[in-house]
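Build me a model from this:
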Amino acid sequence: MKKKLGLTSKIFIGLILGLLTGIVLNNVGPSYVRDTILVGGIFELLGQLFLRGINMLVVPLVFISLVNGAASMSDIRKLGRVGTKTLLFYLVTTAVAITFAIGVAYVINPGVGLDMSKLVKSEPTIQAAKPLVQVIYEMIPKNPFAAMVEGSMLQIIVFALLLGASLTALGEKAQKVTEIFNQLNEVIMKIVDFVMLLAPYGVFALIARTFASLGFDAMEPLAKYMLAVLLALFLHTTVTYSGLLVIFARLNPIRFFKKFAPAMGVAFSTSSSNATIPVTLETVEEKIGASKNIASFTIPLGATINMDGTSIMQGVATVFISQLYGLPLSMSAILTVILTATLASIGTAGVPGVGLIMLSMVLTAVGLPVEGIALIIGIDRILDMTRTAVNITGDAICTTIVSKLEGEFDENIFNSDEEEATA
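Residues are numbered from 1 along each chain as shown. Next comes the predicted model:
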């Protein structure tokens, strides 16, 4: 019995076929069949169906996921200091990650030299810069329902966090409402699955349309985009995580990464922080020496709110897309990207593919064309695997540091060889 192709394989096939089709059409030259029937007809229809499906999910996914993420922090009150340190670590490292990503993107400039503005029907315009004070107070919505209708992402995020925190504070009194949001989260994730069934066809159409218009000129920026994401992921892991491990835990980063490598391998292959939780827990407790009580809180929470790798992709992709469309980001827009991606990380589900939907949210927050996702979605699975490994590494680093600060870290386990630890 033949094994069915998975979604990743289908998307990759769609990418390759779209690339080849686009290059062939680009070499054929302008014609009614190419420009009207294929590029402006079939490819436009399939691509827009997929993009509109993604756009449709942004507001409900962000709102419901963030409410659940905030409501899941009920253990913070019980754990006191541990909860505060953990939450602070996750939010600060996520902000550092996306700042790192934007810096690397501006050094490499992956989107410079390619003009994709002609591929959108309306002239792309970025939102006018606002004073920082105005950005901050406008985060509080006058009308949360109007914010949802208008897609005001920062306002939606703030309201969702307040609602989730209120559910946590009410506890048993709001249990039924919390359960409803849990069920809604399962429903919205199922809709994500349905929309992603269109992904192979949408990728084919969007890539074919792009390369039919731009030809080989689109290859170099795509390679530079991948390089920028991978470099930012590497630097954040080796500089930020290693530095925190040395400063706060006085531990050898090389020994840590050597012991944690198997868990990173599982995360790389599954592209899911949630699926890797059992392996991550076992590794940080039995090979690294973290406290079981602390790990049982920090690891599941990290799979929900700690998405440094995903934030890095969003930072690089935002700069990349702004350069593709010739729309330089103002300092206000950059701060909005950092703030939006950091807060949104709380609601990013630890499953494959959701990062792209969250990226469309970040693009919407600063007024960039969502169509820019077309060029990166085909290669996103490769980057998704890598950034998931970074996500769970952040969870493990946090667990190790908090365990050490709380005096519940077993250095004998950490300093032992693999054979001794498993004997």
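
how about the helices in the stretch 51-200 of the chain?
For the stretch 51-200 of the chain, applying DSSP state H, counting those that start in this stretch gives helices covering 75-79, 81-108, 132-137, 144-150, 153-170, 175-196, 199-214.

right, so those helices: which one is the most enclosed?
Neighbour counts averaged per stretch over the helices of the stretch 51-200 of the chain are highest for helix 199-214, at a mean of 24; criterion: mean count of other CB atoms under 10 Å. The way it works is simple: take the backbone N, C-alpha and C, and place the C-beta from them, glycine included.

Just the residues contacting the next helix or strand after that one, thanks.
Following helix 199-214 in sequence order, the next helix or strand is helix 219-235 (DSSP states H and E). With CB atoms under 8 Å, 6 or more residues apart in numbering as the test, helix 219-235 has contacts from 97, 100-101, 104-105, 108-114, 309, 312-313, 315-317, 320, 324, 375-376, 379, 382-383, 386-387, 390.

let's see it at 6 Å
The contact list for helix 219-235 (CB atoms under 6 Å, 6 or more residues apart in numbering) reads 100-101, 104-105, 108, 110-111, 114, 309, 312-313, 316, 320, 383, 386, 390.

gap between the very next helix or strand once past it and the chain center?
On the C-terminal side of helix 219-235, the closest following helix or strand by DSSP H and E is helix 242-249. Here helix 242-249 is found 25 Å from its chain centre; the criterion is CA atoms, centre = their mean, to the nearest Å.

Using PDB, write out every CA atom in helix 242-249.
As requested, C-alpha coordinates have been extracted for helix 242-249 and formatted as PDB (Å, rounded to 0.1, in the frame of the first residue of the first chain):
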ATOM      1  CA  SER A 242      24.500  30.900  25.900                       C
ATOM      2  CA  GLY A 243      25.100  34.400  27.500                       C
ATOM      3  CA  LEU A 244      22.100  34.000  29.800                       C
ATOM      4  CA  LEU A 245      23.200  30.500  30.800                       C
ATOM      5  CA  VAL A 246      26.700  31.700  31.700                       C
ATOM      6  CA  ILE A 247      25.500  34.900  33.500                       C
ATOM      7  CA  PHE A 248      22.600  33.600  35.500                       C
ATOM      8  CA  ALA A 249      23.400  29.900  35.900                       C
END
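
Beyond that helix, next helix or strand please.
Towards the C-terminus, the helix or strand next in line after helix 242-249, according to DSSP H and E, is helix 253-270.

Report the inter-axis angle for that following helix versus helix 242-249.
Relative orientation of helix 253-270 versus helix 242-249 (axes from the mean of the first three to the mean of the last three CA atoms, to 10 degrees): 130 degrees.

who does helix 253-270 touch, helix- and strand-wise?
helix 277-283, helix 380-405 (3 or more CB pairs under 6 Å, 6 or more residues apart in numbering; DSSP states H and E).

quick one: which of those helices is nearest Val82?
Smallest distance to Val82 across the helices and strands packed on helix 253-270 (CB to CB): 5.9 Å, for helix 380-405.

and the closest one, what does it pack onto?
Helices and strands in packing contact with helix 380-405 are listed as helix 81-108, helix 219-235, helix 242-249, helix 253-270, helix 292-305, helix 308-324; criterion 3+ CB pairs under 6 Å, 6+ apart.

Adding distance to Asp35 as columns, could you present those in JSON lines?
Below are the helices and strands packed on helix 380-405 laid out as JSON lines (distance: least, CB to CB, whole Å):
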{"stretch": "helix 81-108", "distance to Asp35": "33"}
{"stretch": "helix 219-235", "distance to Asp35": "22"}
{"stretch": "helix 242-249", "distance to Asp35": "52"}
{"stretch": "helix 253-270", "distance to Asp35": "42"}
{"stretch": "helix 292-305", "distance to Asp35": "47"}
{"stretch": "helix 308-324", "distance to Asp35": "21"}
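
Could you single out the most deeply buried of these?
Ranked by mean neighbours (mean count of other CB under 10 Å), the helices and strands packed on helix 380-405 are led by helix 308-324, with a mean of 30.

Specify the angle between that one and helix 81-108 in degrees.
Using the same axes, to 10 degrees, one finds that helix 308-324 and helix 81-108 are set 30 degrees apart in direction.

continuing past helix 308-324, what's the next helix or strand?
On the C-terminal side of helix 308-324, the closest following helix or strand by DSSP H and E is helix 331-344.

mind listing what's buried in that following helix?
Buried residues in helix 331-344, defined by neighbour count with 16 or more other CB atoms under 10 Å: 332-344.

This completes my enquiry, with thanks.
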